[in-house]
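1. Okay, predicted coordinates and the sequence, questions at the end:
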Amino acid sequence: MARLRCATIFAFTDARDRSPSIDSVSADAAADSSAFALVRALSMTAAPTPSASRILERCEALARCSEQPGGLTRVYLSPEQRAANALVLEWMRDAGMQ
């Protein structure tokens, strides 16, 4: 079996999904077919799927944080900027960030 040159394989999980993840697998372990199959299965199923509708909803929510109706004006340290920052902070916390 050919040796893998890449020493690290990453599998990502959605913060809301607490399924197991593999941070890294050595090249020797990945060369083993059972370890490689596990890494492959986790990487295919654990990655979060982007949602176009959620992205658009968030863009629209940020656009509403403007002092100019029908436009986008958000001056530094303004109430509108604070509102936008609060929204992004909420989304980051919902994703498991601290």
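-> The structure has been received and is ready for your questions. As the structure is a prediction and not an experimental result, all values here were calculated from the model.

2. buried sites along the helix ranked longest in the chain?
-> Assignment by DSSP state H gives helix 79-94 as the longest helix of the chain. Buried residues in helix 79-94, counted by 16 or more other Cβ atoms under 10 Å: 80, 84. (Glycine included, C-beta is placed from N, CA and C.)

3. Can you name every helix or strand that that helix contacts?
-> Packed against helix 79-94 by the contact rule (3 or more Cβ pairs under 8 Å, 6 or more residues apart in numbering; DSSP states H and E) you find helix 52-63.

4. and the longest helix of the chain with helix 52-63, angle?
-> Relative orientation of helix 79-94 and helix 52-63, computed by axes from the mean of the first three to the mean of the last three Cα atoms, to 10 degrees: 150 degrees.

5. So what touches helix 79-94?
-> With contact meaning Cβ atoms under 8 Å, 6 or more residues apart in numbering, helix 79-94 is reached by 16, 58, 61, 62, 65, 66, 67, 73, 74, 75.

6. Closest to residue 52 out of the residues you listed?
-> Proximity of those to residue 52 was ranked by Cβ to Cβ; the top entry is residue 58 with 10.9 Å.

7. how many other residues sit next to the closest one?
-> Using other Cβ atoms under 10 Å, residue 58 has 14 other residues around it.

8. need the contact list for it.
-> 87, 91.

9. if I look at it, how far off is residue 50?
-> Counting by Cβ to Cβ, to the nearest Å, the gap from residue 58 to residue 50 is 12 Å.

10. Would you map out the domains in this protein?
-> Annotated domains of the chain cover 1-49, 52-94 [automatic domain parsing].
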